[in-house]
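A.B. asks: Let's see this in three dimensions:
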Amino acid sequence: MKYSYITPRKKSFFTKDFQLMFTFFNVTFLMLFITYIFLLFRSYQFDSRAQEIVLTKTETSQSIEKMELYTDKVTKEYLFAENIFTANSVLKDSITNLFDLVPNRITLSQAKLLENGLILYGITPNEDVYNFMLAAPLRSVFNRTYSSFYPAQNGWLRFVSTNYTDKEKEELNED
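C.D. replies: Reported below is the predicted structural model:
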């Protein structure tokens, strides 16, 4: 028995509604999958960037340590140079004062600076001129002073004056 005037169609499981719903689900899954891939990529980028930052931080720390060592070295060299400059200035002033100490009547032929003393070679008209004009100031500067005289060809006296400072006495005086 036939109740319809048209011939029945075959019903398919894939109707237009189902196809539309399937398309939306696929698009949604595709968007979720793309979002997941994007997040994985961003996470990988973030991790690699973090590793680069850690590496850069380590290199910067090493560079800072090297710079600090270099700065310490330069500071030590500066202080060393400053000490040398000061010592040279003191030595220059001492030499100037030494030559100012020598009177016009006495002629120096040689002066040797020692670590703790001074040796002078020269010519003086007589022993008294030396004793009053040069030996007295030398005794006020040095702790021990020794002089020896021998005659020169022109009637004057050649002398060798050896003068020493005692470091122990200087250290006691400074305390």
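A.B. asks: Look up how far residue 158 lies from residue 128.
C.D. replies: Between residue 128 and residue 158 the distance is 16 Å, computed by Cβ to Cβ, to the nearest Å. For glycine as for every other residue, the C-beta is placed from the backbone atoms N, C-alpha and C.
A.B. asks: So which of these two has more stuff around it?
C.D. replies: More crowded of residue 128 and residue 158, by other Cβ atoms under 10 Å: residue 158, with 15 against 10.
A.B. asks: I'd assumed residue 123 was in contact with that one.
C.D. replies: Yes: in this structure, residue 158 is within contact of residue 123 by Cβ atoms under 8 Å, at 5.7 Å.
A.B. asks: joint contacts of those two?
C.D. replies: residue 152 (Cβ atoms under 8 Å, 6 or more residues apart in numbering).
A.B. asks: For the chain, which segments count as helices?
C.D. replies: 16-101, 127-130, 136-141, 167-174 (DSSP state H).
A.B. asks: Can you tell me which of those helices is most buried?
C.D. replies: Highest mean neighbour count among the helices of the chain (mean count of other Cβ atoms under 10 Å): helix 127-130, with a mean of 16.
A.B. asks: chain center to it: distance?
C.D. replies: Computed by Cα atoms, centre = their mean, to the nearest Å, the chain-centroid distance of helix 127-130 equals 54 Å.
A.B. asks: Let's see that helix as CSV, backbone CA atoms only.
C.D. replies: Taking Å, rounded to 0.1, in the frame of the first residue of the first chain, the C-alpha atoms of helix 127-130 are listed here in CSV:
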residue,chain,number,x,y,z
GLU,A,127,139.1,71.2,55.9
ASP,A,128,137.6,74.0,58.0
VAL,A,129,135.5,75.4,55.1
TYR,A,130,134.2,71.9,54.6
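A.B. asks: Now do it, average pLDDT.
C.D. replies: Regarding helix 127-130, the rounded mean pLDDT is 88.
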